[in-house]
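S.K.: sequence unavailable; structure follows:
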């Protein structure tokens, strides 16, 4: 009898451990800590946030009164390919390099970014990654540490994006001669990307990054440059609004510039307004904090997007707030463009940022985000990302990899194209349901 009791106790203990492990895994499907200390994808600066609105997203969102009168919300941008949608946009990065194409590694050898608090920074390693065995990512790409200049890589990327059903590639863009702090200028790559995109039926939009010295005046010149240089290309994306087909631009970290300055460029009465000129467009700002809603409206933007793939990190990236943001946008003739991602882990470059990690849970985190976006009936959805490997938001094919010093994460027990397939299935569902909304 004593032996049976011991066996029962052991069995109960093992079951309790299993339940605890399962709950810890599922914990990442929900925001648990509101605002965190650092925005995923932002520079190493503390972020001051507001309390997250914890209102639930309803699965039976009804069209708002503004939806009927807002032409932006009833435009159709579907591809002739029924499995692809130009209303699904995916963020793309072209900053990678390797010795075969670029004479050295670029971005794969990213530094370990120190925490801004010296006391915290002292507790974490410093240095730089050493490719090809040690790269600045928690996952390992099927193509290895590639170069964005490799034509075969570009073809593979366009094939993968097309297979996923995302019709618009949103290109992270810096003006000629400028780059992020860890890379080199890449603007000369844009023609090759446009050419590769059109071969696969894809369109290309531009994601203007916060380069040093960026102002409303410099962005004005950027828009003119991009439109003049690439506007006639068949892959150049235009969004249909008010009966007009206009270029669409995402402005990352738009909150760094005051709304009064943006209004000079984006309202009809501004001192250097683009409105009504050959350079007019659809301009989408980044919403991080709740107060940014009114700033974006005052700045003359046409909509807002959320970018971050870490649910619960910020007001904008919290799925629970999307219904309220969408209602605000509908009431003010703005587009709401939620951003969804498969997970988040940037500890390969920010080793102290583990609290912002969002586990993939074999695709369930991604499906949760996709459903949250679908619930608010958006005109456009963005995916973060195709290949931001540093932050672990990529849906690009990844493979198992183990070295002497590293054990990389992977998509097992599924195949390397798991997230491409999930995206494709969701795009098809999105397109079907959107047809119902617009009837």
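M.R.: In hand now; what should we look at? Remember, it's a predicted structure, so these values are computed and weren't measured experimentally.

S.K.: which residue ranges of the stretch 51-200 of the chain form helices?
M.R.: With DSSP state H, counting those that start in this stretch as the criterion, the stretch 51-200 of the chain has helices at 65-69, 99-102, 118-121, 151-164, 190-199.

S.K.: the longest one versus helix 190-199: what angle between them?
M.R.: Using axes from the mean of the first three to the mean of the last three Cα atoms, to 10 degrees, the interaxial angle of helix 151-164 with respect to helix 190-199 works out to 40 degrees.

S.K.: please renumber the chain so that the first residue is 30 from this point on.
M.R.: Got it, the first residue is 30 from now on, which makes the last one we talked about helix 180-193.

S.K.: other SSEs contacting helix 180-193?
M.R.: strand 114-121, helix 219-228, helix 447-467 (3 or more Cβ pairs under 8 Å, 6 or more residues apart in numbering; DSSP states H and E). For glycine as for every other residue, the C-beta is placed from the backbone atoms N, C-alpha and C.

S.K.: mind doing that once more with 7 Å?
M.R.: Here helix 180-193 touches helix 219-228, helix 447-467, going by 3 or more Cβ pairs under 7 Å, 6 or more residues apart in numbering; DSSP states H and E.

S.K.: between the ones you listed, which gets the lowest average pLDDT?
M.R.: Per-stretch mean pLDDT for the helices and strands packed on helix 180-193 is lowest at helix 447-467 (a mean of 94).

S.K.: check which residues of that helix are buried.
M.R.: Applying a neighbour-count criterion of 16 or more other Cβ atoms under 10 Å, one finds 447-453, 455-456, 459-460, 463 buried in helix 447-467.

S.K.: check stretch 333-353 too.
M.R.: Within stretch 333-353, the residues that qualify as buried are 333-353, counting by 16+ other Cβ under 10 Å.

S.K.: just the ones of the residues you listed in helices?
M.R.: Counting by DSSP state H, the buried residues of stretch 333-353 place 351-353 in helices.

S.K.: hmm, back to that, how about the buried residues of helix 447-467 in TSV, adding distance to residue 204?
M.R.: Converted to TSV, the buried residues of helix 447-467 look like this (distance: Cβ to Cβ, whole Å):
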residue	distance to residue 204
447	36
448	32
449	32
450	36
451	35
452	31
453	34
455	34
456	32
459	33
460	35
463	35
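
S.K.: make CSV from the ones in helices among the buried residues of stretch 333-353 and add distance to residue 279 and pLDDT to it.
M.R.: Formatted as CSV, those follow (distance: Cβ to Cβ, whole Å; pLDDT from 0 to 100):
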residue, distance to residue 279, pLDDT
351, 17, 98
352, 22, 98
353, 21, 98
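
S.K.: make sure residue 399 is actually in contact with residue 369.
M.R.: Yes - taking contacts as Cβ atoms under 7 Å, residue 399 lies within contact range of residue 369: 5.4 Å.

S.K.: neighbour count winner among the two?
M.R.: Using other Cβ atoms under 10 Å, the more surrounded residue of residue 399 and residue 369 is residue 369, with 27 against 24.

S.K.: chain neighbours aside, what residue packs nearest to that one?
M.R.: Nearest residue to residue 369 in three dimensions, chain neighbours excluded: residue 398, at 3.8 Å (Cβ to Cβ, 6 or more residues apart in numbering).

S.K.: who does the helix or strand that contains that neighbour touch, helix- and strand-wise?
M.R.: Using DSSP states H and E, residue 398 sits in helix 393-404. The helices and strands touching helix 393-404, judged by 3+ Cβ pairs under 7 Å, 6+ apart, are strand 368-369, helix 447-467.

S.K.: average model confidence for that helix?
M.R.: On average, helix 393-404 scores 97.

S.K.: quick one: it to strand 114-121, angle?
M.R.: Helix 393-404 runs at 140 degrees relative to strand 114-121, counting by the same axes, to 10 degrees.

S.K.: mind listing what's buried along helix 393-404?
M.R.: In helix 393-404, counting by 16+ other Cβ under 10 Å, buried: 393-399, 401-404.

S.K.: likewise stretch 321-337?
M.R.: Across stretch 321-337, burial judged by 16+ other Cβ under 10 Å covers 321-322, 324-326, 328-337.

S.K.: quick check: residue 447 touching residue 392?
M.R.: Yes - here residue 447 lies in contact with residue 392, judged by Cβ under 7 Å, at a distance of 6.0 Å.

S.K.: can you tell me how far the residue nearest to residue 162 when sequence neighbours are not counted is from residue 169?
M.R.: Counting by Cβ to Cβ, 6+ apart, residue 162 lies nearest to residue 432, which is 4.4 Å off, once chain neighbours are set aside. Counting by Cβ to Cβ, to the nearest Å, the separation of residue 432 from residue 169 is 9 Å.
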